[in-house]
Each structure stands twice: as C-alpha cells, then as structure tokens.
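# Predicted coordinates and the sequence they were generated for:
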Amino acid sequence: MYLVHVTLFDPTNQPSDRINITRLKCLIMQNSSKIDVEHVVVHEQGSSVTVGLFVISPNLADAESAALAACRAALSNAPEFADHRIMRCEVPLFPGLRDDPFQGF
C-alpha cells in the first residue's frame with residue numbers, strides 16, 4: 001500500500017472560500033473504481049489542498065499514476081472544482097528512514 005499525496009491549487013481561492021471536503025472525497029472515491037483505494041483524506045492549507053490516497057498497488061509508479069487519474073477525473077466531473085489545478089502527485093519521502101524504518105521502536 002502506498003500513501004500518495006496529490007496537491008491541488010485554486011488560483012481564484014479567497015481566504016473565506018472553503019472547499020467541500022466531503023464532496024471532494026466522494027468524487028475521488030467514485031472515480032477510483034479501476035484502482036484499489038482504501039482511504040482518502042483531505043487537508044486544506046490556504047489556497048492549496050493536499051489529498052492523501054491510500055492506494056493498494058504492486059509498485060510506486062502505478063500507485064502514483066492511479067491516484068493522479070482518479071483526481072483528474074474527479075476534478076473534471078465537478079464544476080465546483082473547475083478552477084483547481086493539480087500541482088504535484090507523489091509518494092512523500094521521509095528522510096532518515098533509509099535502512100530500518102523501525103529502528104529504535
């Protein structure tokens with residue numbers, strides 16, 4: 001399983017604007033029927049939004065591609081998200097976890 005972060009940006013976003021997180025999560029889940037998504041989380045950060053998709057995939061590249069496709073489809077099928085742009089789609093890397101990620105536990 002991979003946690004893929006997709007960062008969305010809305011250039012028209014005003015400080016008072018808030019996205020409908022529940023709607024965005026539902027759209028992404030509906031558009032991920034071809035991939036195995038276990039869970040979706042959404043975090044707002046000013047005018048950007050980070051979507052975390054927990055994707056079951058045989059490899060990293062497929063997980064990132066599948067998450068990107070699900071988010072693209074979700075955004076294109078919802079007029080309220082028409083101004084949002086995908087800025088980044090990647091599995092976050094955690095420095096310092098090279099050899100044994102459980103060392104010290």
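Okay, I see it.

# distance between stretch 28-39 and the chain's centre?
Here stretch 28-39 is found 11 Å from its chain centre; the criterion is Cα atoms, centre = their mean, to the nearest Å.

# Now do that stretch: distance from first to last residue.
10 Å (Cα to Cα, to the nearest Å).

# Tell me, please, where in this protein the pLDDT is lower than the cut-off.
14-18, 33-34, 94-105 (pLDDT under 70).

# Kindly recompute the last result at 90.
9-39, 43-49, 73-84, 92-105 (pLDDT under 90).

# For it, just list every one of the strands.
2-9, 36-45, 48-56, 85-90 (DSSP state E).

# With distance to Gln30 and mean neighbour count added, can I get the ones you listed in a markdown table?
Every C-beta, even on glycine, is put in place using the N, C-alpha and C of the backbone. As requested, those are exported to a markdown table (distance: least, Cβ to Cβ, whole Å; neighbours: other Cβ atoms under 10 Å):
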| stretch | distance to Gln30 | mean neighbour count |
| --- | --- | --- |
| strand 2-9 | 16 | 19 |
| strand 36-45 | 10 | 15 |
| strand 48-56 | 13 | 19 |
| strand 85-90 | 17 | 14 |
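
# Adding distance to Arg23, write those out as JSON lines.
Shown next, in JSON lines, are these (distance: least, Cβ to Cβ, whole Å):
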{"stretch": "strand 2-9", "distance to Arg23": "13"}
{"stretch": "strand 36-45", "distance to Arg23": "10"}
{"stretch": "strand 48-56", "distance to Arg23": "12"}
{"stretch": "strand 85-90", "distance to Arg23": "17"}
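
# Many thanks, have a good one.
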